[in-house]
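Asks: For reference, the sequence and a predicted model appear below.
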Amino acid sequence: MSGPGLVSAARTPNASQGAESRMTRALREASIAGALAGVLGFFFLALRTDIVTGGLEVTTRWGLWFTAIAIVFAGRLALNLFWFGHSYGAGKTAGRKITRLLPSSKIVGRVALAFALILPFFFMVLFPNRDRQYIDLSILIMTYIMLGWGLNIVVGLAGLLDLGYVAFYAVGAYSFGLSAQYLGFGFWTALPMAGLLAATWGLILGFPVLRLRGDYLAIVTLAFGEMIRVVLINWKSFTGGPDGVSGIPKPTFFGLEIGRGSGSFGDVFGLPYEPIHRFVYLYYIILALALLTNFVTMRLRRLPIGRAWEALREDEIACRSLGINTRNTKLSAFSTGAMFAGFAGSFFATRQGFISPESFTFLESAIILAIVVLGGLGSQIGIVIASVVMIGGIELLRNLDFLKQIFGPSFEPAEYRMLIFGLAMVVIMVWKPRGLVSTREPSATLKEKKLIGADQIAQGEGH
Amino acid sequence: MTTQTQSLYRWKDDPVLTVEHLSMRFGGLLAINDLSFEVGRGDITALIGPNGAGKTTVFNCVTGFYKPTEGRIVARHGKGAQTEAVDHATRTGKRWHKSGEGAVFLLERMPDHEISQKAKVARTFQNIRLFGGMTVLENLLVAQHNTLMVASGYTVGGILGLPSFKKAEKAAIKKAVYWLEHVGLVDRADDAAGDLPYGDQRRLEIARAMCLDPQVLCLDEPAAGLNPRESADLNMFLRYIRDTHGTSILLIEHDMGVVMEISDHVVVLDYGVKISDGDAAAVKNDPKVIAAYLGVDDEAEIDVPEVRQDLSGAKGVPHE
Ligand SMILES: Nc1ncnc2c1ncn2[C@@H]1O[C@H](COP(=O)(O)OP(=O)(O)OP(=O)(O)O)[C@@H](O)[C@H]1O
Ligand SMILES: [Mg+2]
């Protein structure tokens, strides 16, 4: 799509320096922007639902969609060539690539945040008939963003390949589910406890495991993840076994239930109850939890502990020569990541109202890991994009009836869901082997902040 | 020649580091065999020997990366040999012992990270080990991890953004800048360490080790791959470190010119055995050393003319 400059840029950073012109770069970035607009705008622009007698009707508006993509493409191209233009070509020293920090990454973050904050209302206004479905999907995506951010601490920052992350998600979910069942805990009481328990389990499992290196670490974490699930299945008397735990309470709003009847949220605030309130409330809870994860991670990255995590990913032996206790440092990364999985797990329990070991299979770990890898190890915004693309994509492929028009009426898109999805993953990883956002922002600067290119960044063990 | 004659036995009287009867066995290979030597406080001590002699292995034992098969390695803070304190620690099975005279550390009992943190023995690596994906400045901040960790209240105070942590971080950056100025890398502070040219990386690694405020700095072939100019600058830098910071330096070096010029004390190793020990002048004329380097005993496949040149260069004879 963006010309031969791309391939050479990825393979030979030195040679491509001269070869890759400003135009090629501008074209490449514009293509990325266009593609993003295409993905993001697909729901809003290309598909339109209308109420007609007898149900809903989906109309497609390909023209509008393509126009939008074209505008974004052209706009980004123009910006690149005429506005950001000066930042290319300048920051080159000794023939090596030094990417200046473009304001765009910050702006993308801010815009995404603003959009996330108004999202439920956006859906309620624009898609009054499907708002519940879309908000629910947003909740799902947001959960994965949070899980991705949590795992990013372990895999992206500390470079420890953890294939059993879902274990801590399960610990969080079950600690709420069981404490609600046996002790009558509510969501807000159980939430900190779930995080703490998951972090503790992170320490307990991490202690023996983190001595291992590379592939061995990956295999053992995978085994531990499965073990927790198997324990949940077999410890019937306590966990309910394969039947799981049900009747998990919904979160309250400062003690007020979101529901019908006197003393409920709607009653107190004079709002007539609508089921959508629950979804909106859940959405804001997971948004807040995800933002907390992001905030803590960003903060930790700038503290000595976070810097030690990244140093560990870069070179463990050098860390040891600098007096860093690598075992404790690894454990702290492992249990911090686990804590956020625990939070997310207890949210999952309250959202579903029902949990069973089935929700915590290896596939779940694999999806979360895929989000982190696809987004670019260590990149927060990359994980957001990857979650939207992956989880949104999986859901999208569930409902793509228009593919029948292409492949014939016997084509059942849902059946090919994973195939198409896997293919898309392969394509993206070939196109961007180090993930969508592969540059690294330094944690401290003396004079001028410069992004560090992927070619220098180590990936840690077992990658 | 800069060696001072009165320093002939300084390393015996005031050793900052002693290696005693050290042996290291890898399966059937005895890489170090009953090796003993001293590193004098404030000296620049060179550890030399042909390829595979076991020099790096000695470093790995001293800095805790290998557990020696046998032997004792003692680092000392404070004056003198502190024999009593060393005996006391050895007897009681402690890792270190602090007394009025200073402190002694039995390195063979300590894990690697404690050796740099507590015993203040820092090192560099033969194949440079920088954090390539982090900036030059970040590399130097990681080296101050333990100080900063305490200042950040083990992260809690840091998350809350306490002013005491901010102050400590400023001080850490100041120290980093100090060392960057001395290795001429201030302008590259915000570049990825992996982007630096080779010579700069070598110097950055030394600067990073110096951020630990070490008592003993162990350098594994710091001049390898440097051009003559860079090598001369490095000599000056090492002297500066020793003179202004009082850091004792133990260095492995192949370039005889460098060794003879800056070392106060030279220890020569061959096949894991010490074959000579003394000041540069004494070692240079030791027939055993010449034999080892020139490969008199047929086995050694060393590039003879080059070594001869190195040795003659060290004697001050200009070579072509
Ligand atoms: N971890 C190890 N396992 C097995 N053998 C080792 C190990 N480390 C070193 N050796 C062996 O010990 C001997 C000494 O190696 P060492 O690296 O200490 O030599 P050196 O004097 O540093 O050599 P050079 O000048 O090439 O750096 C060599 O025969 C080497 O193969
Ligand atoms: Mg060596």
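Replies: The structure has been received and is ready for your questions. Ligands and ions are numbered 1, 2, ... in the order given.

Asks: how about the residue nearest the centre of chain B, secondary structure?
Replies: Compute the mean C-alpha point of chain B, and by CA atoms, centre = their mean the closest residue is B:Cys218, 0.8 Å away. Per DSSP: H, G, I helix; E, B strand; the rest coil, the local secondary structure of B:Cys218 is strand.

Asks: what residue ranges in the stretch 151-300 of chain B score low on pLDDT?
Replies: Along the stretch 151-300 of chain B, segments meeting pLDDT under 70 span B:153, B:157-158, B:160, B:294-300.

Asks: What residues are bridge-paired with the residue nearest to the centre of chain B?
Replies: B:Arg123, B:Leu250 (DSSP bridges).

Asks: Give me the nearest residue to B:Gly49, chain neighbours excluded.
Replies: In this structure, B:Gly49 finds its nearest non-sequential neighbour in B:Leu269, 3.6 Å apart by CB to CB, 6 or more residues apart in numbering or on different chains. In this view, the C-beta of every residue, glycine as well, is placed from N, C-alpha and C.

Asks: tally of neighbours for the one you found?
Replies: Applying other CB atoms under 10 Å in any protein chain shown, we find 25 residues neighbouring B:Leu269.

Asks: Contacts for the strand or helix carrying it, please.
Replies: Per DSSP states H and E, B:Leu269 falls inside strand B:265-270. Contacts to strand B:265-270, defined as CB atoms under 8 Å, 6 or more residues apart in numbering or on different chains, come from residues B:7, B:10-11, B:35, B:37, B:39-40, B:43-50, B:53-55, B:58, B:259, B:274-280, B:283, B:286, B:288-289, B:292.

Asks: what do you get if the cut-off is 7 Å, keeping everything else the same?
Replies: Under the criterion CB atoms under 7 Å, 6 or more residues apart in numbering or on different chains, residues B:11, B:37, B:40, B:43, B:45-50, B:53-55, B:259, B:274-280, B:283, B:289, B:292 lie in contact with strand B:265-270.

Asks: Give the closest residue to A:Ala158 in space, chain neighbours not counted.
Replies: In space, A:Ala158 is closest to A:Ala333, 3.7 Å off (CB to CB, 6+ apart).

Asks: cool, A:Ile428 as well?
Replies: Nearest one to A:Ile428, counting by CB to CB, 6+ apart, is A:Leu374 at 6.3 Å.

Asks: Compute the distance between the one you found and A:Arg302, please.
Replies: 25 Å (CB to CB, to the nearest Å).

Asks: Likewise for B:Asn60?
Replies: Distance from B:Asn60 to A:Arg302, by CB to CB: 33 Å.

Asks: what's around the residue in the stretch 301-450 of chain A that ligand 1 sits nearest to, how many residues?
Replies: Nearest residue of the stretch 301-450 of chain A to ligand 1: A:Ile317, at 12.4 Å (CB to the nearest ligand atom). The number of residues packed near A:Ile317 is 12, by other CB under 10 Å.

Asks: Ok, B:Asn33 next?
Replies: So B:Asn33, with other CB under 10 Å, has 18 neighbours.

Asks: Over to A:Gln380?
Replies: For A:Gln380, using other CB under 10 Å, the count is 22.

Asks: For the closest residue to it other than its chain neighbours, pull up the helix or strand it's in.
Replies: Distance criterion CB to CB, 6+ apart; nearest residue to A:Gln380, sequence neighbours excluded, is A:Asn294 at 5.9 Å. Assigned by DSSP H and E, A:Asn294 belongs to helix A:276-301.

Asks: Tell me the gap between that helix and the middle of its chain.
Replies: 12 Å (CA atoms, centre = their mean, to the nearest Å).

Asks: quick one: buried residues of it?
Replies: A:277-287, A:289-291, A:293-294, A:296-297, A:300-301 (16 or more other CB atoms under 10 Å in any protein chain shown).

Asks: Beyond that helix, next helix or strand please.
Replies: Assignment by DSSP H and E places the next element after helix A:276-301 at helix A:304-314.

Asks: and that following helix, anywhere near chain B?
Replies: Yes: on the criterion CB under 7 Å from any CB of the partner chain, helix A:304-314 is in touch with chain B at A:304-305, A:307-308, A:310-311, A:314.

Asks: And stretch A:439-453, by the same measure?
Replies: Yes: on the criterion CB under 7 Å from any CB, stretch A:439-453 is in touch with chain B at A:440, A:442-450, A:452.

Asks: Three-state assignment for the residue lying closest to A:Leu377 once chain neighbours are set aside, please.
Replies: In this structure, A:Leu377 finds its nearest non-sequential neighbour in A:Gly156, 4.1 Å apart by CB to CB, 6+ apart. Secondary structure, three-state DSSP: A:Gly156 is helix.

Asks: got a list of what A:Gly156 touches?
Replies: By CB under 7 Å, 6+ apart, the neighbours of A:Gly156 are A:372, A:377-378.
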